[in-house]
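Novice: Predicted model and sequence below, questions to follow.
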Amino acid sequence: MILYVISVGLSVTMGLMGFINLAHGVFAMAGGYVFATALGRFGVPFPLALLLSFLLVGAASTLLEKTLYSRLYGAPELAQVLFTIGLIFMAIAVARAIYGTLAAPVFLPGYLKGQVHVLGRDFPTYRVFLILFSALMILTLWFGVERTRWGAMVRAAVDNRAMAQSVGIDTPRLFTLTFALGSGLAGLGGALGADILPVDWTYPSEHLAYFLIVVAVGGLGSLRGPFFAALLIGIADTACKYWVPQFGAFLVYAATIALLLWRPMGLFGVRR
Amino acid sequence: MPFALETRKLCKSFGALTVADAIDFRLEPGARHALIGPNGAGKTTFVNMLTGRLAPSSGAIFLNGEEITTLGQAARVKRGVGRTFQINTLFRELPVLDNVALAVAERCGLATRLWRPAGTHKEVIDEAGALLAQLGLQPDALRRVADLPYGKQRLVEIAIALGMKPRVLLLDEPAAGVPSHESTRIVEVLQALPAQIAILIIEHDMDLVRRFARRITVLAAGAVLTEGTPEEVMRDQRVRDVYLGELHA
Amino acid sequence: MIAHAGGYTVDARLRWQEALPWIAALAAFFLLPEYLALGARILVYILFALSLDLILGYAGIITLGHSAFFGLGAYVAGILGAKAGVTDPFLQLAAAGGAAALLGVATGAVILRTRALTLLMLTLAITSIVLEIANSASSLTGGADGLSGVVVAPILGVFKFDLFGRTAFLYCLAVLLVAWYAVRRVIYSPFGAMLTGIRENATRMHAIGAPVYGRLLLVYTLSALLAGIAGALLTQVNQFVGLNVLGFEPSGELLVMLVLGGVGRLYGAFIGPVVYLIVQELLAKEFPEYWFFGIGLLLVAVVLFAPGGILGLADKCLSLLRPGSSARASAR
């Protein structure tokens, strides 16, 4: 589910702006670090720390977008790929310099630790919390996209950018806003998941494949797609680890390949 | 003697939208045939189906009597179908000569030669050069396509198609976007094309159509409205209605 | 962003400048004997970069999965040398190249029908799979510890791999020479021109009757073969192979090296690794964080300001000095 939160922003960014942003994991990592630092070093309460990770990463990404990303919107794919790889390298260097090589420690508040008894089985409280939170987020996002004007504009622009622009939608501002939202969500995801996916300096490159898989399988530009993709991957991953542990992530990759060949646009992809 | 190109009840729909409606079309060998119709009538879709870029929903296509409905683009090119695009689809960063040479090499089966340098394949280079000379592009042979004026690029588009030595040539708005002082050159080139090639051109420029075509097919809303000589078609009231003033009388 | 050598209008004969890299290599051999290990590594990466340039610079396929072929070749050579008792260096190279080529055909057949992001993603998935396999099959591959004790018999029965790396260096140089010559011929051939056509405008290539998919598969396999040989060379030189030849990092690094030198220019694949590895050798030991940061920054700067890499910049400088010369990039 964390994968979903992190990747949904990527799906929209890629679908909307046609920009291959491999550095998306950087935002997740940043969020994780902000969260861990706020929680651990400054004793900020849990919900506030989450909010902070969302806002700060969103703000930082806005800055990046205005100064750097926007220059490459029309650029060939290779340039975008290289640029974002460069960003990854820079970010992980900074992360390593500031935080060293150990994973950022996360101290969960007492009310989220332990187990909770649901439907006759025990589940770790935090996981339940995550599921509920993600569900809430999905609803909010869905509401935001399907019902609000902003959502309509995003959908229009994803569908046909030139048309949207000529109708008077301010695409550059829309991009910036959406990018910030997507990156902020990534930060939030990184923060939320910090307990399960430890945040260390290799975070963006290590999980790069997974983020891309979720987005590609789910379909670029869609919001539901990454949800189902993340769900599928999560289930597949757990199932594989349970039944055939020696294969680990192998089957997930294989399944991804199979699925993408069957549906190159992803499950819910928007045709560009 | 079989038709150079023939379609029988060719249909294409995207969901509920029908863009080609049971089109029966015949192109004679050596034809000078024009396809006209208002915007959105489905002309380019039709050509895309002829070349294999788009698969029809139903119906059949025949090339010199042989059915080619299920063949891919490469196979149709081998059998002699050549086309130009409405919007220039050229190798913009490459020299003009290379643009044509690539087509010639492909046709001669030399494109997969791995060892001898391309520059030593005299047959390809000479033939490409001859085609350029035919179209008056010889002085520009070494220039990058992107550096040429639009009208000349349009000519390169035609040169590439000729490099395939097609038996059927489909020209999609060859004069589109070309300023009027350059379009006479294109008309001259079209009129000088070898007589044995069957040519179908899609055009909006009725002046060009009148000078070039011996037969015209009118397409409207995906279906054939009428077909005949230029005089017959121009006089047809339905054609005038459908165009509603788009025709330059 | 990409210039190109080759085509029908270019003179393909060897120019005297093309002897420079080899002269430089021989000079390094005689003048810098302490750095031969680094030198051999550079040569291996030049070969690796050449293989990537074939598909990236010429066919225009963006891939992050090239390390799969490199790693597979490395492990095949390693396993043959350490476990299977096959110690002839040329046999190891052949097997590595063959295995990589097979993987290239198998994966290429599947992924070359897709484009852009999907393709990129699939290449990453494939190299991740190979990494996973290498990691788990530890009885064969040594797992996370790597495979040591790779035995390589003396070349041609005579030249033993000595401690100073002299044999290794010359061996790599010889293999690179052969590979370079082959790649150069391909680039200047009609096939090379056709690849450029695919990169420049695939729609047009389809329209002139080129079976694009089949051609791409051919060059992808060729590229995989070369990458596999490069990987095997690395194993032979180090007599060791570890997991660091697989995954995102080697692919990413290679991409940086190639872009740094200049994509699609044949010699960009020479300059890139030389500059990158030398700078890495000098700086990375001292300042590991700054090194990565510097590379990232360099990459961003290259993308924004100097898309043609070092050779591209050199071209620009040359054309400024000689205002009468044509705007077309010289086919270096």
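Specialist: Everything's here; your move.
Novice: Now for the residue in the stretch 151-300 of chain C that chain B sits nearest to: which residues touch it?
Specialist: Proximity of the stretch 151-300 of chain C to chain B (CB to the nearest CB) peaks at residue C:209, 2.9 Å away. C-beta coordinates here come from the backbone N, C-alpha and C atoms, glycine included. Each residue near residue C:209 by CB atoms under 8 Å, 6 or more residues apart in numbering or on different chains is listed here: B:73-74, B:76-78, B:106-107, B:164.
Novice: For ChimeraX, write a command that selects the buried ones of those residues.
Specialist: Only the buried entries of the contacts of residue C:209 go into this ChimeraX selection, using 16 or more other CB atoms under 10 Å in any protein chain shown:
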select /B:73,74,76,77,106,107,164
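Novice: out of the contacts of residue C:209, who's near chain C?
Specialist: Filtering the contacts of residue C:209 for neighbours of chain C using CB under 8 Å from any CB of the partner chain leaves B:73-74, B:76-78, B:106-107, B:164.
Novice: thinking again about what came up before, now the residue of the stretch 151-300 of chain C closest to chain B, what are its backbone angles?
Specialist: Phi and psi for residue C:209, reported as degrees, to the nearest 10, are phi 90, psi 20.
Novice: And it, how far from residue B:138?
Specialist: 25 Å (CB to CB, to the nearest Å).
Novice: if we can go back for a sec, could I get the contacts of residue C:209 as CSV with pLDDT and secondary structure?
Specialist: Below are those laid out as CSV (pLDDT from 0 to 100; DSSP: H, G, I helix; E, B strand; the rest coil):
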residue, pLDDT, secondary structure
B:73, 85, helix
B:74, 83, helix
B:76, 89, helix
B:77, 87, helix
B:78, 86, helix
B:106, 88, helix
B:107, 88, helix
B:164, 88, coil
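Novice: Identify, from the contacts of residue C:209, the entry nearest to chain C.
Specialist: Nearest to chain C among these, with distances taken as CB to the nearest CB, is residue B:77, at 2.9 Å.
Novice: Hmm, the closest one is touching residue C:204, no?
Specialist: No - here residue B:77 lies out of contact with residue C:204, judged by CB atoms under 8 Å, at a distance of 11.6 Å.
Novice: so the closest residue to chain A within chain B bridges to which residues?
Specialist: Nearest to chain A, among the residues of chain B, is residue B:14, at 11.5 Å (CB to the nearest CB). Beta-bridge partners recorded for residue B:14 (DSSP bridges): residue B:17.
Novice: In chain C, where is pLDDT below threshold?
Specialist: C:1-4, C:116, C:157, C:163-164, C:288-289, C:322-332 (pLDDT under 70).
Novice: give the contact list for residue C:105.
Specialist: Going by CB under 8 Å, 6+ apart, residue C:105 touches C:217, C:220-221, C:224.
Novice: Could you rerun that using 6 Å?
Specialist: Residue C:105 sits next to residue C:221 when contact means CB atoms under 6 Å, 6 or more residues apart in numbering or on different chains.
Novice: Count the neighbours of the closest residue to residue C:257 other than its chain neighbours for me.
Specialist: Using CB to CB, 6 or more residues apart in numbering or on different chains and skipping residues adjacent in sequence, the residue nearest residue C:257 is residue C:272, 3.9 Å away. Residue C:272 is flanked by 29 other residues according to other CB atoms under 10 Å in any protein chain shown.
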